[in-house]
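S.K.: Okay, predicted coordinates and the sequence, questions at the end:
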Amino acid sequence: MNREAGGPLHAQIRDILHRQIVDLALSPGSSLPTEEELQRQFGVSRSVVRQALSGLADLGLIRRQRGRGSVVAATPVLRRHVQRAGGLDEQAAAHGQRLRTHVLSVEPSEPPQAGIEALNTTNTWKIERVRYLDDLPVAFMRTWVPRDFFPHFTAELLENASLLSLMRDHGYHPAGGPRQVQAVSADPDLARKLNINTREPLLLLQGVTRDALGHGLEWFNVWHSPNTVFDVDAQVTSQPGRVSQEHIRRLRNLTQQLESELADLERGAH
């Protein structure tokens, strides 16, 4: 630990224990050292240790149990299909999970150039939301939607609601659109929103959703926490192999034979 320029001691201890849980791949139910052992290990007061453990509990990494101390919690995993354009709510429900949504902001804002091209307008709402799975933040979403299509969107309307379902309620039926996934690292703002460490790896899903008529309904960026699994249904495409000269010769002979028989049939018809 850096006692002079390393930030609050409880945050440093929390991050050290966080790395130990992840790097050592401690299984759910594994016990952490007791508060007294952590006091001696780090040379800090019990209040500092308790703050650090509270921080881990807030991240969903540990459970604090009376009589057992702190144990590693089972981290819920969010699964989603890359090919499916349906919202996170529908995909989580398919795995027996329930997401909740907290809306951070809804404000008029012009999207980046890629969003303008996807939506064909600069008159958009910018919506920022955090999705939670079992009280653990799993995704931060920044979405632009056309204000002309959805003039009445508010934070209250979007709280704990499916954006795609609201679009259907307004008469626009999402059909799908191109998406791309890339690995990025968490900047301080993303780390704060997702309760993770700065520079932790994230999966960024970016894309546009259109309706059947081609109208751009949303252009979005979704940063997924490390406990997200993207399922991909990969198909093997059969590639034509090299055709031998013997095979070509047999096909030519067969073609000639068929042409001869067709000619005989035509002469018989006349």
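M.R.: Looks like it came in fine. Note that the coordinates shown come from a computational prediction; the quantities given were computed from them, not determined experimentally. Residues are numbered from 1 along each chain as shown.

S.K.: C-alpha only now, for contacts and for neighbours.
M.R.: Fine.

S.K.: check contacts around the closest residue to residue 99 other than its chain neighbours.
M.R.: Computed as Cα to Cα, 6 or more residues apart in numbering, the closest residue to residue 99 that is not its neighbour in sequence is residue 133, at 5.1 Å. Residues in contact with residue 133 (Cα atoms under 8 Å, 6 or more residues apart in numbering) are 76, 78, 97-100.

S.K.: let's see 7 Å
M.R.: When contacts are counted by Cα atoms under 7 Å, 6 or more residues apart in numbering, residue 133 touches 98-100.

S.K.: Among these, the buried ones, what's the ChimeraX command?
M.R.: Per 16 or more other Cα atoms under 10 Å, the buried members of those correspond to this ChimeraX selection:
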select :99,100
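
S.K.: For the contacts of residue 133, point out the one with the lowest pLDDT.
M.R.: Scanning those for pLDDT, the smallest score is found at residue 98, 78.

S.K.: wouldn't it be in contact with residue 90 here?
M.R.: No - assessed by Cα atoms under 7 Å, residue 98 is found out of contact with residue 90, at 9.1 Å.

S.K.: did I read that right, residue 152 in a helix?
M.R.: No - counting by DSSP: H, G, I helix; E, B strand; the rest coil, residue 152 is not part of a helix but coil.

S.K.: Show the pLDDT at it.
M.R.: Value for residue 152, per-residue pLDDT: 93.

S.K.: Just give me the neighbour total for it.
M.R.: By the criterion of other Cα atoms under 10 Å, residue 152 has 9 neighbours.

S.K.: Repeat that for residue 115.
M.R.: 22.

S.K.: What residues does it make contact with?
M.R.: Contacts of residue 115 by Cα under 7 Å, 6+ apart are residue 219.

S.K.: Tell me if it really is in a helix.
M.R.: Yes - applying three-state DSSP, one finds residue 115 inside a helix.

S.K.: and the gap between it and residue 60?
M.R.: For residue 115, the distance to residue 60 (Cα to Cα, to the nearest Å) stands at 34 Å.

S.K.: Ok, residue 172 next?
M.R.: If you go by Cα to Cα, the gap between residue 172 and residue 60 works out to 37 Å.

S.K.: hey, where'd the strands end up in the stretch 51-200 of the chain?
M.R.: For the stretch 51-200 of the chain, the strands defined by DSSP state E, counting those that start in this stretch cover 62-65, 69-72, 78-81, 99-108, 124-133, 136-146, 174-176, 179-185.

S.K.: I figured residue 105 hits residue 128, correct?
M.R.: Yes - between residue 105 and residue 128 a contact is recorded at 5.3 Å, counting by Cα under 7 Å.

S.K.: of those two, who's got more company?
M.R.: More crowded of residue 105 and residue 128, by other Cα under 10 Å: residue 128, with 20 against 14.

S.K.: pLDDT at the more buried one, what is it?
M.R.: What the model reports as pLDDT for residue 128 is 97.

S.K.: Would you enumerate the residues in contact with the closest residue to it other than its chain neighbours?
M.R.: Sequence neighbours aside, residue 142 is the residue nearest to residue 128 in space, at 4.6 Å (criterion: Cα to Cα, 6+ apart). With contact set as Cα under 7 Å, 6+ apart, residue 142 has these partners: 126-129, 220-222.
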